[in-house]
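**Q** Here you go, sequence then predicted model.
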Amino acid sequence: MKKRYLKPTEDPLWLKLILGAVTIGFIAVLLLLPLVLMFKEALANGLNGFWASMTEPDALASVRLSLIAAAIAVPLNTVFGIAAAWAIAKYDFRGKTFLVTLIDLPFSVSPVVAGLIYVLVFGMQGWLGPTLADHDVRILFALPGIVLVTIFVTFPFVARELIPLMVDQGRDEEEAAATLGASGFQTFLRVTLPNIKWGLLYGILLCNARALGEFGAVSVVSGHIRGVTNTMPLHVQLLYDNYDYAGAFTVAALLAMLALLTLALKSLLEWRYADELAAAHRR
Amino acid sequence: MSAIGLKLLPLRSRHVLPGFRLSLGFTLFYLAGIVLVPLLALVIRPVELGFDGFWTAISTPRVLASLRLSFGMALAAAVIDSFFGVIIAWVLVRYRFPGKALLDAVIDLPFALPTAVAGIALSTLYAPNGWIGAALAEYGIRVAYTPWGVLVAMVFIALPFTVRTVQPVMAELGLEVEEAAATLGATRIQTIARVVIPMLGPAVLTGMAMAFARAAGEYGSIIFIAGNIPAVSEIAPLLIVTKLEQYDYAGASAIGVVMLIASFVMLLALNGLQSWAAKRR
């Protein structure tokens, strides 16, 4: 019998089998089983039940509210991400590292704390609450509050993708464009943007997914008014707490499909444009 | 912040590229307005309330139990995820098998899936009549509506952090050291345990710290599965929400301050870890 020699850097077969089984088992039980269960529960009443739960007015209102919040928060954070990355990558100034740490700060703050700080600013016992009430301006328990906390929790997504990417790319190309007489805006549009477009898209994709799915922070400031200030994740909670499991899992399945679509696009970007993504470089 | 802001704007504007003042000005303005000023409202709260009131709000048995549960279970979840995270990263980096790309993409599911969605799915799965819950119930194990439910949700939510921190470092490890170890007579297991694992140290610790921070602050996926029994399976973020609903702003802020301090400490620890890892390169 011919003995098969292993490369010195290759694991023996028994080890491969054990580690492979642990990996697949762990991922299947922890990650995939909940996903399968969700779609099964959503279709418990058949496709007609799924459709009925989806087109119920309060469910549609929650979809609309989530879309509006994301439609405001994502562009603002995109503009911020571009401005921050431009300032940090293209110029030298003191305190740069500290600034980058501050930009990442919202990631390490609990979502509930994120909601709490806005209550402390805009609530009736907060800094601005009484003044706002005098002028009949509603921030908390209304759209502005929901948008603000959504901006907070999705704050770093675009910036943290663009900063390492643009620092890596340096400023030579932009400086060349400037010496050739391009205006700042032309330089950005024709030189910088083509270089960062896939990274930008990647950041926006993750930012959008989180904006649509945020639960904890929005839950603190929303007031849970059915059909008015309930976003999709909050509507899931409301239905679930009212024992309407089919309805809850229907909206949940919709959000899960969005998550899967996000993952698919993210993987596609990582695979196709790996060279142009900072996130892919980190891998 | 304004003192730093002034320092950041040098008088010598000898940059070739335009837009320094505009981009940095907007960055600082937006950062201050969205993040720093609202956070300040919480940070100075103990000063506004007086430290005695702050301490009384924190030292009730219910609050202490919730903090112990959140941080204790977060630590346990971070350790569990780091263990499995290293194995998963190893399999994804070193082995070749069909469906690997799909498995790799699925790791990020807890990132992409809204936490409330994960919460109701986990809760239904581990409930005594759920797929996993029923199987465990035969052995007398209850997960949902107990502190173990908190642990399950935290392990779910924090897994990507450990895998994604270790994976790139593992991919960049040179094979030469492993070959050298093998030439010198080490068995494969010795090589992995004494050569590979030590080189991953900083990455594993970084991943663990990120997993811990995420798990300790997690709310959405936990509240459905935990049962939320005061002093037993009630996490600190939920207690903040409960106190806010009772208009107990002082109590809510006190817990919020503790959680915020913990986040700052983790952030500092992470920065320390990263500079340590950079020095080792």
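**A** Cool, the structure landed. Since the model is a prediction, treat every value here as computed from it, not as a measurement.

**Q** need the residues of the stretch 151-281 of chain B near chain A, please.
**A** The interface of the stretch 151-281 of chain B toward chain A, taken as CB under 8 Å from any CB of the partner chain, is made up of B:155-156, B:159, B:164, B:167-168, B:171, B:175, B:178-179, B:182-183, B:188-189, B:192, B:213, B:216-220, B:224, B:237-238, B:240-241, B:244, B:247, B:249, B:252-253, B:256, B:259-260, B:263-264, B:266-267, B:271. Where you see a C-beta, it was placed from the backbone N, CA and C, and this is true even at glycine.

**Q** Give me the most central residue, chain A.
**A** residue A:210 (2.7 Å; CA atoms, centre = their mean).

**Q** and it, backbone torsions?
**A** Main-chain dihedrals, residue A:210, degrees, to the nearest 10: phi -70, psi -40.

**Q** Give me the neighbour count for the residue of the stretch 151-281 of chain B found nearest chain A.
**A** In the stretch 151-281 of chain B, the residue that lies nearest chain A is residue B:217 (2.8 Å; CB to the nearest CB). Applying other CB atoms under 10 Å in any protein chain shown, we find 27 residues neighbouring residue B:217.

**Q** Please tell me how far it sits from residue B:154.
**A** Distance check for residue B:217 against residue B:154: by CB to CB, to the nearest Å, it reads 10 Å.

**Q** Repeat that for residue B:189.
**A** Counting by CB to CB, the gap from residue B:189 to residue B:154 is 31 Å.

**Q** Tell me the buried residues in the helix ranked longest in chain A?
**A** Taking DSSP state H as the assignment, the helix of chain A that covers the most residues is helix A:57-90. Going by neighbour count (16 or more other CB atoms under 10 Å in any protein chain shown), the buried part of helix A:57-90 is A:58-59, A:61-63, A:65-66, A:69-70, A:72-74, A:76-78, A:80-90.

**Q** Of these, which ones also sit close to chain B?
**A** Among the buried residues of helix A:57-90, proximity to chain B is found for A:76, A:80, A:83, A:84, A:86, A:87, A:90 (CB under 8 Å from any CB).

**Q** In TSV: the residues you listed, plus pLDDT and distance to residue A:239.
**A** Formatted as TSV, these follow (pLDDT from 0 to 100; distance: CB to CB, whole Å):
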residue	pLDDT	distance to residue A:239
A:76	95	30
A:80	95	34
A:83	93	40
A:84	94	39
A:86	91	44
A:87	91	44
A:90	87	49
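
**Q** Touching, residue B:234 and residue B:226? I think so.
**A** Yes: using CB atoms under 8 Å, residue B:234 is in contact with residue B:226, at 7.2 Å.

**Q** Compare these two (neighbour count), which wins?
**A** Higher neighbour count among residue B:234 and residue B:226: residue B:226, with 27 against 24, using other CB under 10 Å.

**Q** which residues touch the more buried one?
**A** Residue B:226 is in contact with B:145, B:146, B:147, B:149, B:150, B:153, B:233, B:234, B:235, B:238, counting by CB atoms under 8 Å, 6 or more residues apart in numbering or on different chains.

**Q** Buried ones from the residues you listed, can you make that a PyMOL selection?
**A** To isolate the buried members of the contacts of residue B:226 in PyMOL, using 16+ other CB under 10 Å:
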select buried, chain B and resi 145+146+147+149+150+153+233+234+235+238
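
**Q** Now, the contacts of residue B:226 that are in strands?
**A** Judged by DSSP state E, the contacts of residue B:226 include no members of strands.

**Q** Between which two of the contacts of residue B:226 is the distance greatest?
**A** B:146 and B:238 (15.0 Å; CB to CB).

**Q** re the thing from before, residue B:189 and residue B:154: which has the busier surroundings?
**A** Neighbours per residue (other CB under 10 Å) separate residue B:189 from residue B:154, with residue B:154 holding more: 28 against 11.

**Q** Check the secondary structure at residue A:126 for me.
**A** Secondary structure for residue A:126, judged by DSSP: H, G, I helix; E, B strand; the rest coil, is coil.

**Q** Would you agree it is in contact with residue A:120?
**A** Yes: if you go by CB under 8 Å, residue A:126 and residue A:120 touch, sitting 4.8 Å apart.

**Q** hey, what's in contact with both of these two?
**A** Residues touching both residue A:126 and residue A:120 (CB under 8 Å, 6+ apart) are B:41, B:249.

**Q** ok, for the residue in the stretch 51-200 of chain A positioned nearest to chain B, nearest residue in space, not its chain neighbours?
**A** When scored by CB to the nearest CB, the stretch 51-200 of chain A has residue A:110 as its residue closest to chain B, at 2.8 Å. Distances taken as CB to CB, 6 or more residues apart in numbering or on different chains place residue B:217 nearest to residue A:110, at 2.8 Å, with adjacent residues excluded.

**Q** What are the phi and psi values at that neighbour?
**A** According to degrees, to the nearest 10, residue B:217 has phi -90, psi -10.

**Q** Was I right to think it contacts residue B:260?
**A** No: when contacts are counted by CB under 8 Å, residue B:217 is not listed as touching residue B:260 (9.7 Å).

**Q** Could you tell me which residues touch both of the two?
**A** With CB under 8 Å, 6+ apart, residue B:217 and residue B:260 have common neighbours A:109, A:113.
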